[in-house]
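# generate a structure from the sequence data that follows.
(one chain, ligands or ions: 1)
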Amino acid sequence: MGEEVNFGGASPPNNRGHRLATVAGGTSRRRRRSKRQMATQMLLRHATVISMTGSDPSTADVLVEDGTITRVAAEIRAPGDARVVELEGKYLLPGLIDAHCHITISGGLIADELSLDPRTRILRAAHNAAMTLRAGITTIRDTCGLDDSDILLRDAIHAGILTGPRIIACGRMITMTGGHGWFYGQEVDGADAVRRAVRERVKARADWVKFMASGGFGEEGEQPAASQLDLDELTAGVREARKAGRRTCAHAHGAASIKHALQAGIDTIEHASFLDQEAIDLLRNRGAFIVPTFSIYHKMREAGPGLHLLPYLVELVNRSWDAKVASFIEAYRAGIPIAAGSDNGSPVAPHPDIATELELFVGFGLSPYEALRTATTNAARLLDLGDTIGTIEPGKRADMVALSQDPLRDIAAVRMVSTVVQNGRCYEPGMTGAAQDASSVAV
Ligand SMILES: [Zn+2]
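Predicted coordinates for the structure are as follows:
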């Protein structure tokens, strides 16, 4: 029997694959096991498969065995006890990846989120995770979880006691005293202190380590482009993280902070708002990714000053927008790898939504296919999971999303999710209706 799980229901304890060590090399082991034991099989039939491997979309069947894609071909005969999922008229994509979001906050003002009882926050986080999966987002990187509860949530989903995407968790991020996000991060100063903080992150079982290399769009008077953690601090932090096999990301808006981060060996630059030629050259030489997170700034501009945003913040975002767009277009033309990140959870950006980011990319000149790459193959490579997720082909984990319209014709189709498959489990239509965002849930 295939597995069908309702959102919100208890899941069977076989949700594997969030840990890099678990994911890497796990496929052949599972395939061997499946030959000895009865394999769990599922056949997805008659979808237009947009595999993201570079081959043209075509109508095909996809066979899944024990959570792994084993065949993609026209008209596969359903094995005897396979569950068959009919997807005629649907467009089947690899599961979407949000490379930058915050699952433990829900889109309210940070001050309000921080004032919540942590128990409430974690309930909301579980709700956010379920909603995220429902939107076809099968993997996220949480780039700063309050109280490290993104790490707890990762493990609960991995154990199968909660429904949600595969979570790559940073836990709390590392910032300088009074630096961006100091009220929810770990404040440290000097290379030794950064080193110790990284060791604490590793001890807390974070998958990645996040550093604040610049100011941001937060407190009044803050300068987004100003450098924060210094080169020696970032260098010490990255070295320590690497020793423990952890990858690193840096929040960096200004060119100087971006260069510091890259010189320190950071793997991904978050926001990357104000690039200069030297920063672009350095990005190219280091093979680093940028995760621009346009959608959060777009939503701040749309919301305007009001209940959730103070006028200074909206004014600052408006003032920065054109330069940020121009930087992005330069980086795109220079071939810098780009991954989609929503920054959801931040003020005015409740979960889930990766569609706005992809729509903005298309508005800036990417083709719908290129935009989809930022949330599939590129994001998978960013996460060092390129061998495991990001395409529909034999050997990959069965993370897929079926859409009711063609996203290559109109990228907005990524909002029209009908069926989600994650790790071989199928989340059927009928569970995709509107639901509250957690910021409005009064628990
Ligand atoms: Zn963020």
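# mind pulling up the pLDDT for residue 310?
For residue 310, the pLDDT comes out at 82.
# I misspoke; the intended subject was residue 313.
For residue 313, pLDDT reads 88.
# do I have it right that it meets residue 301?
No: in this structure residue 313 lies outside contact range of residue 301 using C-beta atoms under 8 Å: 10.3 Å. In this view, the C-beta of every residue, glycine as well, is placed from N, C-alpha and C.
# and the helices in the chain?
For the chain, helices defined by DSSP state H occupy the ranges 20-23, 26-36, 110-115, 118-134, 149-158, 191-203, 231-243, 255-264, 277-286, 294-303, 311-333, 355-363, 368-374, 377-382.
# mean neighbour count and distance to residue 222 for those helices - can I get that in CSV?
Below are these laid out as CSV (neighbours: other C-beta atoms under 10 Å; distance: least, C-beta to C-beta, whole Å):
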stretch, mean neighbour count, distance to residue 222
helix 20-23, 14, 34
helix 26-36, 13, 43
helix 110-115, 14, 13
helix 118-134, 22, 24
helix 149-158, 23, 24
helix 191-203, 19, 21
helix 231-243, 21, 19
helix 255-264, 24, 13
helix 277-286, 16, 21
helix 294-303, 20, 14
helix 311-333, 16, 8
helix 355-363, 22, 23
helix 368-374, 22, 28
helix 377-382, 25, 27
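# the ones you listed: which one's closest to residue 388?
Residue 388 lies closest to helix 20-23 among those, at 4.6 Å (C-beta to C-beta).
# low-confidence ranges in this protein?
1-38, 429-443 (pLDDT under 70).
# what about 50?
Scanning the chain for pLDDT under 50 picks out the ranges 1-27, 29-30, 33-36, 432-435, 441-443.
# tell me the residue furthest from the middle of it?
residue 80 (36.4 Å; C-alpha atoms, centre = their mean).
# how far away is that residue from residue 39?
11 Å (C-beta to C-beta, to the nearest Å).
# same question, residue 290
From residue 290 to residue 39 the distance is 40 Å (C-beta to C-beta).
# which one's more surrounded, those two?
residue 290 (27 against 19; other C-beta atoms under 10 Å).
# let me see the contact set for that one.
By C-beta atoms under 8 Å, 6 or more residues apart in numbering, residue 290 lies in contact with 268-269, 272, 283, 328, 331, 336-339.
# please report how far it lies from residue 415.
According to C-beta to C-beta, residue 290 and residue 415 sit 24 Å apart.
# before we move on, what about residue 375?
Distance from residue 375 to residue 415, by C-beta to C-beta: 13 Å.
# okay, those two: which has more neighbours?
Taking neighbours as other C-beta under 10 Å, residue 375 and residue 415 compare with residue 375 leading, 31 against 19.
# for the residue nearest to that one when sequence neighbours are not counted, what are its contacts?
Computed as C-beta to C-beta, 6 or more residues apart in numbering, the closest residue to residue 375 that is not its neighbour in sequence is residue 340, at 4.1 Å. Neighbour list for residue 340: 96-99, 291, 354, 357-358, 361, 371, 374-375, 378-379 [criterion: C-beta under 8 Å, 6+ apart].
# try residue 151
Contacts of residue 151 by C-beta under 8 Å, 6+ apart are 145, 169, 171, 204-206.
# buried subset of these?
Neighbour counting with 16 or more other C-beta atoms under 10 Å marks 145, 169, 171, 206 as buried within the contacts of residue 151.
# Throw those into JSON lines and include distance to residue 421, thanks.
Compiled in JSON lines, these are given as follows (distance: C-beta to C-beta, whole Å):
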{"residue": "145", "distance to residue 421": "26"}
{"residue": "169", "distance to residue 421": "23"}
{"residue": "171", "distance to residue 421": "28"}
{"residue": "206", "distance to residue 421": "28"}
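# and the residue lying closest to residue 282 once chain neighbours are set aside, how far from residue 391?
Excluding the flanking residues, the one nearest residue 282 by C-beta to C-beta, 6+ apart is residue 262, at 4.6 Å. Between residue 262 and residue 391 the computed distance is 28 Å (C-beta to C-beta).
# same question, residue 53
Taking C-beta to C-beta, one finds residue 53 at 5 Å from residue 391.
# neighbour count winner among the two?
Legend: neighbour count by other C-beta under 10 Å for residue 53 and residue 391, higher for residue 391 (23 against 14).
# who's in contact with the more buried one?
51-53, 94, 376-377, 380 are the contacts of residue 391 under C-beta under 8 Å, 6+ apart.
# now with 6 Å?
The contact partners of residue 391, by C-beta atoms under 6 Å, 6 or more residues apart in numbering, come to 51-53, 94.
# put the buried members of the residues you listed into a ChimeraX selection.
Buried members of these, defined by 16+ other C-beta under 10 Å, are picked up in ChimeraX with:
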select :51,52,94
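# which two of the contacts of residue 391 have the greatest separation?
53 and 94 (9.3 Å).
# from residue 52, how far out is residue 212?
Distance from residue 212 to residue 52, by C-beta to C-beta: 32 Å.
# just to revisit the earlier point, which one of the buried ones among the contacts of residue 151 is nearest to residue 323?
residue 145 (29.8 Å).
# leaving out sequence neighbours, find the closest residue to the closest one.
In this structure, residue 145 finds its nearest non-sequential neighbour in residue 104, 4.5 Å apart by C-beta to C-beta, 6+ apart.
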